[in-house]
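A.B. asks: just the structure for this:
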Amino acid sequence: MGARARTAEQYMETEMMFNMKSLLWIGTVCVLAGIPALYAFGSFGNGEFFGMRSFDVRETFEADGLRAIRIDGRGADVEVVRGDSEQIVVSVVGTADADTSERIDVKASVADGTLTVEPIVPDKGFFVAVFDVNVLVRLPDRAWESMDVLTSGGNVDVSSVRSAAVAVETGSGNVALADLTADALDVDAGSGNLRFGELYARDATLRIGSGNMTGIGFRAERLAFDVGSGNVRLEDGRGTLQGESRSGNIAVRFDAIEAPVVLRAGSGNVTVELAEKPEHLAFDFRTNSGESSVEWPYEAAGLVEPGEENAGAVSGRFGDGGVTLTAETGSGNITLGQR
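C.D. replies: Residues are numbered from 1 along each chain as shown. Sure, this is the predicted structure:
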């Protein structure tokens, strides 16, 4: 019996030693594998860590004779702002390994009054050690004929610029627009959020495949939006509004509706909040699965008090009707009330 007990104890000790050696071996492998990863991707605030270095490549272009700007970020984040000089300044900044940082450059060409710029980032294959790349373009304070900003996978930020036509496109990234004036604005974001404010446009078309849209403070003769999956929130806007979110809520908060508004949601709530009861507004609400409600008494076939509406379909008017508000949702509630 004693011999069998000692044998069991010896077996347990041997197994524990084996497990400890295994863990030590696994830990050593993880550490050794982690060092190249840190070398490739690590970065501290000073821009240098395990061979990583910050880079800042700048090119200056004369704006005389130029009417249009085209910026291709090639996957980098792109920021376009109003500068403080009469020249166009393009900066490519970021962090990369020592060899790559020495080869970062700006590619530029001019044709028919259009300046096209893009960053040059060497492709080093699987082990490319570029931590981030950002393209900053400073423009003179003037009205441009057209401005195209695109990147395959990065954020786009455009502020304090004027152009007859502005087109923004990103495959995957957020878009931010501020203090932007354009006759025609076209935004296409495959996957990412869109935020805009102080926007003045004659005609604006905004598309998002997947992401939320937020607009606060805008004026547009016509603003149209199309969101595949995401919520839409619009505040303090004026102008004709037409938009759809196939999966997500739509919330509109205006002082008043002064132009036709058409809102559609495939699956989600539609909420319209105004500063006060409309004086002249005709509305038509329809939902297949949900309820429609109006906070104020309105005229239908007769006077309808709040809470007396039909469950899904509600239509009526305030005053003589005037402008129109149309809202539809496949599954969700529709509400018109005070903000």
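
A.B. asks: show me how far the host helix or strand of Ala189 is from its chain's centre.
C.D. replies: Element membership of Ala189, judged by DSSP states H and E, is strand 175-191. Centre-to-centre, strand 175-191 and its host chain are 10 Å apart (C-alpha atoms, centre = their mean, to the nearest Å).

A.B. asks: after that strand comes which helix or strand?
C.D. replies: strand 194-210.

A.B. asks: by how many degrees do whichever helix or strand comes after that following strand and strand 175-191 diverge?
C.D. replies: Next helix or strand after strand 194-210 toward the C-terminus (DSSP H and E): strand 213-229. Computed with axes from the mean of the first three to the mean of the last three C-alpha atoms, to 10 degrees, the direction of strand 213-229 lies at 10 degrees from that of strand 175-191.

A.B. asks: report the contact partners of Arg339.
C.D. replies: Taking C-beta atoms under 8 Å, 6 or more residues apart in numbering as the criterion, Arg339 is in contact with 253, 273-275. All C-beta spots, glycine's among them, are computed from the backbone N, C-alpha and C.

A.B. asks: the same query, at a cut-off of 6 Å, please.
C.D. replies: Applying C-beta atoms under 6 Å, 6 or more residues apart in numbering to Arg339 gives the contacts 253, 273.

A.B. asks: quick one: it from Ala143, how far?
C.D. replies: Separation of Arg339 from Ala143 (C-beta to C-beta, to the nearest Å): 35 Å.

A.B. asks: if we can go back for a sec, strands paired with the strand holding Ala189, and their directions?
C.D. replies: Strand 175-191 sits in its sheet next to strand 156-170 (parallel), strand 194-210 (parallel), going by DSSP bridges.

A.B. asks: what mean pLDDT does that strand get?
C.D. replies: For strand 175-191, mean pLDDT rounds to 98.

A.B. asks: right, and the helix or strand after the least confident helix or strand in the chain by mean pLDDT?
C.D. replies: When each helix and strand of the chain is scored by mean pLDDT, DSSP states H and E, helix 2-41 comes last, with a mean of 46. Next along the chain after helix 2-41, taking DSSP H and E as the criterion, comes strand 52-62.

A.B. asks: need the contact partners of that next one.
C.D. replies: 43, 47, 87-93, 95, 97-98, 101, 104, 106.

A.B. asks: so where's this protein shaky on pLDDT?
C.D. replies: For the chain, the stretches flagged by pLDDT under 70 are 1-51, 124-131, 301-303, 307-311.

A.B. asks: domains in it, by residue range?
C.D. replies: Domain ranges of the chain: 1-41, 43-155, per automatic domain parsing.

A.B. asks: coming back round to it: for the strand holding Ala189, C-alpha coordinates in PDB please.
C.D. replies: Once non-C-alpha atoms are left out, strand 175-191 reads as follows in PDB (Å, rounded to 0.1, in the frame of the first residue of the first chain):
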ATOM      1  CA  VAL A 175     -16.900  61.300 -42.800                       C
ATOM      2  CA  ALA A 176     -17.100  64.700 -41.000                       C
ATOM      3  CA  LEU A 177     -18.200  67.800 -42.800                       C
ATOM      4  CA  ALA A 178     -18.200  71.300 -41.200                       C
ATOM      5  CA  ASP A 179     -18.600  74.800 -42.400                       C
ATOM      6  CA  LEU A 180     -19.000  73.500 -46.000                       C
ATOM      7  CA  THR A 181     -20.600  75.500 -48.800                       C
ATOM      8  CA  ALA A 182     -21.400  73.800 -52.100                       C
ATOM      9  CA  ASP A 183     -23.900  73.900 -54.900                       C
ATOM     10  CA  ALA A 184     -23.800  70.100 -55.300                       C
ATOM     11  CA  LEU A 185     -22.600  67.800 -52.500                       C
ATOM     12  CA  ASP A 186     -22.300  64.000 -53.000                       C
ATOM     13  CA  VAL A 187     -21.200  61.700 -50.100                       C
ATOM     14  CA  ASP A 188     -20.800  57.900 -50.400                       C
ATOM     15  CA  ALA A 189     -19.500  56.000 -47.400                       C
ATOM     16  CA  GLY A 190     -19.500  52.200 -47.700                       C
ATOM     17  CA  SER A 191     -19.100  51.600 -43.900                       C
END
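
A.B. asks: for that strand, buried residues please.
C.D. replies: 175-183, 185-191 (16 or more other C-beta atoms under 10 Å).

A.B. asks: highest neighbour count among the contacts of strand 52-62?
C.D. replies: Ranked by neighbour count under the definition other C-beta atoms under 10 Å, these are headed by Val92 with 25 neighbours.

A.B. asks: moving C-terminal from the helix or strand encompassing it, which element do we reach first?
C.D. replies: Per DSSP H and E, Val92 falls inside strand 87-97. Following strand 87-97 in sequence order, the next helix or strand is helix 98-101 (DSSP H and E).
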